[in-house]
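Visitor: sequence and predicted model, in that order:
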Number of protein chains: 4
Amino acid sequence: MIRFNSDYTEGCHPAILERLAATNMEQTPGYGEDVYCAAAAEQIKEACAAPEAAVHFLVGGTQTNVTVISAALRHYQGVITAVTGHINVHETGALESCGHKCLTIETADGKLTAEQIAAYTDAHYADASFEHTVQPKMVYISNPTEIGTIYKKAELEAIYDVCKERGLYLFLDGARLGYGLTCRENDLTLADVAALTDVFYIGGTKVGALFGEAVVITNEELKRDFRYNMKQRGGMLAKGRLLGIQFLTLFEEKRYFEISAHASRLAEKIHDELKDMGVKFYVDSPSNQQFVILPDAVLEKLKDDFAFEYQARVDDTHSAVRICTCWATKEENVEALLAALRGLLR
Amino acid sequence: MIRFNSDYTEGCHPAILERLAATNMEQTPGYGEDVYCAAAAEQIKEACAAPEAAVHFLVGGTQTNVTVISAALRHYQGVITAVTGHINVHETGALESCGHKCLTIETADGKLTAEQIAAYTDAHYADASFEHTVQPKMVYISNPTEIGTIYKKAELEAIYDVCKERGLYLFLDGARLGYGLTCRENDLTLADVAALTDVFYIGGTKVGALFGEAVVITNEELKRDFRYNMKQRGGMLAKGRLLGIQFLTLFEEKRYFEISAHASRLAEKIHDELKDMGVKFYVDSPSNQQFVILPDAVLEKLKDDFAFEYQARVDDTHSAVRICTCWATKEENVEALLAALRGLLR
Amino acid sequence: MIRFNSDYTEGCHPAILERLAATNMEQTPGYGEDVYCAAAAEQIKEACAAPEAAVHFLVGGTQTNVTVISAALRHYQGVITAVTGHINVHETGALESCGHKCLTIETADGKLTAEQIAAYTDAHYADASFEHTVQPKMVYISNPTEIGTIYKKAELEAIYDVCKERGLYLFLDGARLGYGLTCRENDLTLADVAALTDVFYIGGTKVGALFGEAVVITNEELKRDFRYNMKQRGGMLAKGRLLGIQFLTLFEEKRYFEISAHASRLAEKIHDELKDMGVKFYVDSPSNQQFVILPDAVLEKLKDDFAFEYQARVDDTHSAVRICTCWATKEENVEALLAALRGLLR
Amino acid sequence: MIRFNSDYTEGCHPAILERLAATNMEQTPGYGEDVYCAAAAEQIKEACAAPEAAVHFLVGGTQTNVTVISAALRHYQGVITAVTGHINVHETGALESCGHKCLTIETADGKLTAEQIAAYTDAHYADASFEHTVQPKMVYISNPTEIGTIYKKAELEAIYDVCKERGLYLFLDGARLGYGLTCRENDLTLADVAALTDVFYIGGTKVGALFGEAVVITNEELKRDFRYNMKQRGGMLAKGRLLGIQFLTLFEEKRYFEISAHASRLAEKIHDELKDMGVKFYVDSPSNQQFVILPDAVLEKLKDDFAFEYQARVDDTHSAVRICTCWATKEENVEALLAALRGLLR
């Protein structure tokens, strides 16, 4: 069985395991107050061209989203998100369990626009009974989005402008940030992301680490007391150095970008070759998640050899599935998939 | 200024004030453990033909919704509601502040259907990552809805069947229940409502009381420890008898229904006469809230004499407003409004 | 049965009922945006000598405590309180249900001292793992306390100094404030209370109103967005004018203080006469709650005629009970009680 | 610097790192639905003699405590804990942030007794205003406790009897369970722990793993929907197999107990030799945490070579510190410490 169903099917980049082994019996302070976390934070600040940023390491994405958002909001404030936003769909209401409402906006492609954010916020304050509704105070976007689309630099600039004008914090969920920043349509750098948000995170779990997400806070207001929040939300790892070691390994020698580029190249190969085969796409995604429409008969024949994530029934004879590449995807497995499809779709 | 902007513009039915005065210096136990609350509960159980029901009195609607829903749900469970549901829109996220997500469904008329509820719930359990999404466990409906529409008996029966089959609690928000049960399209009785839900409430604030909502719980599972919930949510009034006295006054001699019928009749009069004048309706509502589309020029001329609630811009020259009647609405004021409109719309 | 068991056994001051009747059929805007609330707020600001204060009206004490405290705190912050504080004991964990921990301090008499607050806060920041514990950010005191004791001006000044030095908000729960400010040991004025706290409330429920608490906010940081908080916590009464009318009636012509003084005088009479009879006190309270130790045999004989609140078993033959006076207590009932005790204790 | 300040100073048992490396490029399903988690759960159930138990893996202790407790309780219910309980002190109010109050009991040695639990619960229901206070529904104990003491089998039996009689769930925090079960005073087996609680967890973070806690649920009521809770609390690790692999390695060949016994033996060696040197103990602990009182002058001399955790000032010239051993502690480091102390205390 070759798995393309998600981008967290393997362990981690071998260099991480090596370093964990090399440092295993060292004694360090706990809770992220060790030299590896400090060094990893420095590497990340440098990569972000954000020397004043605060960098914190958490274990997983849901935990990170909840910790960041609930740290920023008052009880009566909510976060604007696409309906498809991970926080609104796939976190079992973690954000609501911390008291905050997702203020949802329908989108065509998983991406919010500056106009939508402005309109939502302006409508809130124009309503005579505005105090009877949740106050929008933060905007949550994912890059790439949950359906693989990416923000262009001009789009992010426009969104951040709207946020600053209206007193909204902008938070970018970068669970797959590496795959967004290395795909061929991208025109953003990591430094752009840092400059055009108040807080964002660099996903490790899906990009080479065993686990781990690095939160980068550039807005002074959001830096205060962040570690209290981490601890309260269960996100302060006792052996915090495990996170430091992993991110240090990913950011020294730019490994994070190299392994991301590998996944992007393979996703583009799949995309281009499937397109040549006449396959239709369920979503037009430029990044490591490809959403393709295939005949049910073909899916049935592939199912013992390849795992995909089911998305939706498209018509009586077709379904949409997600095909993910990641840092660990083997070129030979992509070749095997393409060969199989070429045979079946002929 | 004659106010039609809401149904809570006046104080209360005079009989309530008289009784409050008559009992004012009596000494009673607090927190709803007095003889008036007991007597009012008995009257309500009788009116509901639900001798085994538990009846509790709370002060306001938001408080009641939060107390009932959070008493029924576990942390990871949510409540299915129309997008327009009061809990989803006009309670400043009170439900989310207690940890629960509103699981929203788009509707044409503010009403959920049995089919929608079944489909939503079945889709939840059919999803391989169902544990990553909030579990639907309760259905929230309002009758009349927030936009004045009402459930017919067959609709409520179908919904309750779906709920029972799928292990969902059905909660009916009756903030304006009297106005729903006395309008001419209605075919439900109060006993039907009690028989076809797990818990509902009878609104007093908008129907003759100074304040107060009577929760009627028929499902045994939801009765347990309800007073702990009330106290925790700030809903246990120290001088609980004030609620008992009010509901006793409303339900003795069927005053609740008489005063509701008055409001319904006046709303129907407005509806019918405006229709005759060729006015279009923003929502086709059979109950005490009428949503009408009027020329902006007309609204401008009315604005010093009549207050409405603004709803929406309809086109370049028209807007929609809400006109409410209630137990206290004077027939002469309705006549004045109709006369003014007749003059302006000619 | 004559009830001395609590200070909310009757309805309200007759002048309030008269005014409710006189204004009953007036139409006003809802949610506290009416002329009565505005006028009452003005009266209160004047009585507090705090022209810049924000005044808001809520229905009950638990709701008020939760709304004020959760409006002031971030998720990881807690409130310092005496172990006996109402928020820690008798609100069914309402504060914790909003996410905040009570940081409790043992006291001899229900009163916190400036020294205790300073020591608690300093110890927090001196601890190397301070981020693993809840950050103290607010101090909650009641005046009178839950056991009837009161703060002297010098004590309140010292507490407020400590709070300001350490960045703590000071919140005073005045559920029985009138009774504290009119007892003979008191040296505080209402203006002192306003000047020496960041936020406090003036209790109406126990002091002449049917219900209602007036929150007075003097610290700018706590004023912002307060109405969102009120709505979210279920504390924004639809017919908000009911609160405005009540507080206006209580504060025009200084009725609040007059009726409080009545209760204080009767409590002092009970205290002095019982002391003369040789009765011991469970708590040495100067205000309207008297905690007295009586032989069980005496209590048994009184129980059909008088209601007290049971406090504790003191020894094999004695128990402590609470005797409350209030604005409505009749002098003749106090005489009856004293006569009965004189007979039984002889 | 030799660290004795905590029991999470090193990485993990080398066999775990080897297995992580050996399985690194395998592709598995995520979120704990892989073969390693299944196999580890089987090993644990066997070790617990609890074939019907449900076993779930979480990342850290705070997260585990919050997930288990909030899964068991309704909003108005709280958990009885020693004042010194980890949930009450060192989790930044994580439990309160989920809405639940810690119902604290003072203890001499960090251990609750059956009598205390019975008395607390009985007093709750005996109070006429019981609904105004948080309902006790769960008991939280740690074994070993936060101060190193352990429960004997008879004590645990008595506690569980009281819990069952009163409808309380018993939850045992086993963050250091291995060290409790292998110290010389212990008379409990892992099977006893499973039989005498409703839910408990086996700590990995402090006992040989990089991270990870294994929750064992034996009470049917607590098994339901547990994975929803895990996901909502941020505790469902994407690469769940990392937890499965670690616990499988620890429980195959009984490594968990062997490495725990190593730590226990070294702690006992420290204890016995210090006692021989005349050192006094701040707490009389039989397990891997030793709380010793040393002259400040001695501590000053040790501070460049050895790290301890500061506990408290004992008198003008002495302080208490915590000395921890763990699975990774080297005998030579213990010898070095003892030699240094022998020299300084002579």
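Guide: Cool, the structure landed.

Visitor: what's the closest non-adjacent residue to residue A:16?
Guide: Of all residues not flanking residue A:16 in the chain, residue A:249 sits nearest, at 4.8 Å (CB to CB, 6 or more residues apart in numbering or on different chains). Using the backbone N, CA and C atoms, a C-beta is placed for each residue, glycine as well.

Visitor: pretty sure the one you found contacts residue A:17?
Guide: No - using CB atoms under 8 Å, residue A:249 is not in contact with residue A:17; the gap is 9.4 Å.

Visitor: which one of the two has more residues nearby?
Guide: residue A:249 (26 against 19; other CB atoms under 10 Å in any protein chain shown).

Visitor: residues touching the more buried one, list them.
Guide: A:13, A:15-16, A:19, A:255 (CB atoms under 8 Å, 6 or more residues apart in numbering or on different chains).

Visitor: still on that earlier bit, quick one: secondary structure of the residue nearest to residue A:16?
Guide: Secondary structure assignment for residue A:249 (DSSP: H, G, I helix; E, B strand; the rest coil): helix.

Visitor: what's the answer for the one 5 residues further on, then?
Guide: Assigned by three-state DSSP, the conformation of residue A:254 is helix.

Visitor: ok, back up a step: and the residue nearest to residue A:16, how far is that from residue A:258?
Guide: Separation of residue A:249 from residue A:258 (CB to CB, to the nearest Å) stands at 12 Å.

Visitor: before we move on, what about residue A:65?
Guide: Distance from residue A:65 to residue A:258, by CB to CB: 27 Å.

Visitor: higher neighbour count, the two?
Guide: residue A:65 (27 against 15).

Visitor: interface residues of chain A facing chain B?
Guide: Contacts of chain A with chain B, taken as CB under 8 Å from any CB of the partner chain, map to A:75-76, A:78, A:89-93, A:96-102, A:128-129, A:131-134, A:310.

Visitor: so which of the residues you listed reach chain D?
Guide: A:91-93, A:97-98.

Visitor: in contact with the closest residue to residue A:89 other than its chain neighbours, which residues?
Guide: Using CB to CB, 6+ apart and skipping the chain neighbours, the partner closest in space to residue A:89 is residue B:133 (6.5 Å). By CB under 8 Å, 6+ apart, the contact list for residue B:133 reads A:89-90, A:92-93, B:124, B:127.

Visitor: by neighbours, which of these wins?
Guide: Within these, residue A:92 tops the neighbour count with 30 neighbours, counted by other CB under 10 Å.

Visitor: how far away is residue A:234 from residue D:87?
Guide: Counting by CB to CB, the gap from residue A:234 to residue D:87 is 12 Å.

Visitor: which neighbours do these two have in common?
Guide: Contacts common to residue A:234 and residue D:87, judged by CB under 8 Å, 6+ apart, are residue D:94.

Visitor: now the closest residue to residue A:324 other than its chain neighbours: how far from residue A:64?
Guide: Nearest residue to residue A:324 in three dimensions, chain neighbours excluded: residue A:7, at 4.5 Å (CB to CB, 6+ apart). Separation of residue A:7 from residue A:64 (CB to CB): 16 Å.

Visitor: what's around residue A:72, how many residues?
Guide: Using other CB under 10 Å, residue A:72 is surrounded by 22 other residues.
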